[in-house]
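> any chance you can model this:
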Amino acid sequence: MEMAQERGVRGLEGTASALVVGLGISGRAAAERLLREGIKVTVNDMAAQGPPRQAAEELRGLGAVSVLGHHDPSLLAGIDLVVVSPGVSPRLPLLAEAEERGIPVWSEVELAWRLARGPVVAVTGTNGKTTTVSMIAWICGQVGRPAVAAGNIGHPFVTAVEEAEEGMLLVVEVSSFQLQYAVEFRPAVAVLLNIAEDHLDWHAEMREYVAAKSRIWMNQDPGDVVICNLDDETSARAAAAAPSRVVFFSRHPHDAAEVYISEGRMLSSMPVAAIGRGQREIMRTERLRLPGEHNVENAMAAAAAAIAMGIDAEAVGEALASFRGLSHRLQLAGEVGGVRFYDDSKATNPHAALRALSAFREPVAIILGGRNKGLGFRELAEELERRASAGGVRAVYLIGEAAGEIRSALVGARWLDIREFPGLEEVFEDLPRTVMDGDVVLLSPACASFDRYEDYKHRGDHFQALVRALDLEGDQGG
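Numbering: from 1, shown residues only. Below is the predicted model of the structure:
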């Protein structure tokens, strides 16, 4: 067999056989690349039907061996490398067994990194990753510097690496799952947006989750850069241990912040090669088209990353002012009868739902629920009650598996009108009796979608279809 060593693929020397665990889009992309390297590939997924089965059949046609329905350790016989998809739990016994046997375990991001032919900007955090990645790529495109957005946003990093021309900038979203199995992964610019409770159904504790996020800079050196949120205490504390230069951003002027907000202006004091240090205006924050303080933070992180890559601050601001946002991330889905509907289906944890709420001063009817990820809802419940006492919450709709858990967190709430329904269809039947002209209906579920939907996009699409079919004229309650 022709070995990877003969083609000079770093880290695959001597690798004859690989096991790819998880057949989502990232796992499939990894398997296809390994097959093209002449490596014998076995693909594995716990699911034996649906999309994983279809992917397995197609990969068999390319020469892979497929094993579905279990993760038995016998799969490791004769395996030189395990590549794990981001949707696979790091606590999977198969992965622990591989490590115990001394078999390297890589994420798809690690595999892609070893194949990359251009600089990498990596973005992680509990919330805001996809928007920030897209902002950075948008800025680069607007100033004539081609960049590819990839990673945990639906475009596998491996695929992006193969598509990108040599030297092209790669902007990649990375999750804690992917970083858990990073080995040599080293972005030139690493961005940490925030850290809040999330995925505690997969990570044993918060400390493990923070440690996984912090792996984004573990291989950096002083010539690399970390962009970090100074206002997020957990993130700022973690970044203090980075071996590279740390650039903080903040919503307020601060001696430690190099990108910050002052009197409605986003400013930078990051050094520029030809000019040195000095305050420069990036943009007025009112020019951002995306609502919410959290999107101001995302924009500051994107701006800092772009400036770190050598892009002029003023050009960064002009590009950000033209950025229109992404589907299912606080996206205006429509206005019916004077009521605006926002699709924030990507908000799959309570921290994200809190950020979405902060974007609105109008009375909000919020839709919560789905499948909980081992997280608590107390902080969200307290904020809802606080806003409701001031007339800021029209109703709280609870749907899906987690409805009971969220209702328990809301016990004792005096000001909240809480309504529980099986799903979105029933919510939309009730809305005409509840919302009024000037209200906002916000789908920001604080939960994953897998109890009823394929993913958050499927859920958001359903919400938007219901908005399009809704008629509130002359039928609003109050």
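> need the strands for the stretch 101-250 of the chain, in chain order.
In the stretch 101-250 of the chain, the strands defined using DSSP state E, counting those that start in this stretch lie at 105-107, 120-124, 147-151, 169-173, 189-192, 225-229, 245-250.
> which one of those strands lies closest to residue 399?
Taking C-beta to C-beta, strand 169-173 is the member of those nearest to residue 399, at 27.4 Å. C-beta here means a position set from N, CA and C on the backbone, and glycine is covered the same way.
> for that closest one, give me every contacting residue.
When contacts are taken as C-beta atoms under 8 Å, 6 or more residues apart in numbering, the neighbours of strand 169-173 outside the stretch itself are 109, 112, 116, 118-124, 129-130, 133, 136-137, 140, 145-153, 157, 160-161, 164, 187, 309.
> restricted to buried residues, select those in PyMOL.
The command below creates a PyMOL selection of those among the contacts of strand 169-173 that count as buried (16 or more other C-beta atoms under 10 Å):
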select buried, resi 109+112+116+118+120+121+122+123+124+129+130+133+136+137+140+147+148+149+150+151+152+153+157+160+161+164+187+309
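> of the strands of the stretch 101-250 of the chain, which is nearest residue 456?
The minimum distance between residue 456 and these falls on strand 169-173, with 14.1 Å, by C-beta to C-beta.
> only C-alpha atoms, please: export the closest one in CSV.
Extracted in CSV, the C-alpha atoms of strand 169-173 (Å, rounded to 0.1, in the frame of the first residue of the first chain):
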residue,chain,number,x,y,z
LEU,A,169,-6.9,32.5,5.2
LEU,A,170,-9.0,29.9,6.9
VAL,A,171,-11.4,31.1,9.6
VAL,A,172,-12.7,28.1,11.6
GLU,A,173,-15.3,27.7,14.3
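> and the gap between residue 355 and residue 131?
11 Å (C-beta to C-beta, to the nearest Å).
> and the helices in the stretch 151-300 of the chain, which stretches?
All helices of the stretch 151-300 of the chain, identified by DSSP state H, counting those that start in this stretch, fall at 157-163, 176-180, 206-214, 233-239, 293-308.
> tell me the most buried of the ones you listed?
Highest mean neighbour count among the helices of the stretch 151-300 of the chain (mean count of other C-beta atoms under 10 Å): helix 293-308, with a mean of 26.
> immediately after it, which helix or strand?
Towards the C-terminus, the helix or strand next in line after helix 293-308, according to DSSP states H and E, is helix 313-321.
> now that following helix: average pLDDT?
Mean pLDDT, helix 313-321: 97.
> packing partners of the helix or strand that it is followed by?
Next in sequence after helix 313-321, counting helices and strands by DSSP H and E, comes strand 331-336. Strand 331-336 sits against strand 339-343, helix 456-469, with contacts defined as 3 or more C-beta pairs under 8 Å, 6 or more residues apart in numbering; DSSP states H and E.
> need those in CSV with mean pLDDT, distance to residue 401 and mean neighbour count, can you?
Rendered in CSV, the data for the helices and strands packed on strand 331-336 read as follows (pLDDT from 0 to 100; distance: least, C-beta to C-beta, whole Å; neighbours: other C-beta atoms under 10 Å):
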stretch, mean pLDDT, distance to residue 401, mean neighbour count
strand 339-343, 95, 20, 24
helix 456-469, 96, 13, 18
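> need the pLDDT of the most centrally placed residue in the chain.
Centroid-nearest residue in the chain: residue 129, 4.2 Å away (criterion: C-alpha atoms, centre = their mean). Per-residue confidence (pLDDT) for residue 129: 92.
> what about the nearest residue to it once chain neighbours are set aside, neighbour count?
Beyond its immediate neighbours in the sequence, the residue positioned closest to residue 129 (C-beta to C-beta, 6 or more residues apart in numbering) is residue 173, lying 4.6 Å away. Using other C-beta atoms under 10 Å, residue 173 is surrounded by 27 other residues.
> distance of residue 173 relative to residue 428?
Counting by C-beta to C-beta, the gap from residue 173 to residue 428 is 32 Å.
> how is this protein divided into domains?
The chain resolves into domains spanning 14-103, 110-321, 331-469 when parsed by automatic domain parsing.
> quick one: the longest one to chain centroid distance?
The reference is to domain 110-321. Averaging C-alpha positions (C-alpha atoms, centre = their mean, to the nearest Å) puts domain 110-321 12 Å from its chain's average.
> tell me if I'm right that residue 148 and residue 136 touch.
No. With contact defined as C-beta atoms under 8 Å, residue 148 and residue 136 do not form a contacting pair (10.8 Å).
> and the pLDDT for residue 12?
85.
> quickly note the distance from it to residue 183.
The spacing between residue 12 and residue 183, counted by C-beta to C-beta, is 12 Å.
> okay, these two: which has more neighbours?
For residue 12 and residue 183, the more surrounded residue by other C-beta under 10 Å is residue 12, and the numbers stand at 23 against 16.
> endpoint to endpoint, stretch 323-339 covers what distance?
According to C-alpha to C-alpha, to the nearest Å, stretch 323-339 extends 24 Å from its N-terminal end residue to its C-terminal end residue.
> try stretch 298-318
End-to-end distance of stretch 298-318: 15 Å, with C-alpha to C-alpha as the criterion.
> please apply the same query to stretch 435-446.
End-to-end span of stretch 435-446 (C-alpha to C-alpha): 21 Å.
> buried residues in that stretch, which are they?
For stretch 435-446, by 16+ other C-beta under 10 Å, it's 435, 439, 440, 441, 442, 443, 444, 445, 446.
> again, but for stretch 68-77
Across stretch 68-77, burial judged by 16+ other C-beta under 10 Å covers 68, 71, 75, 76.
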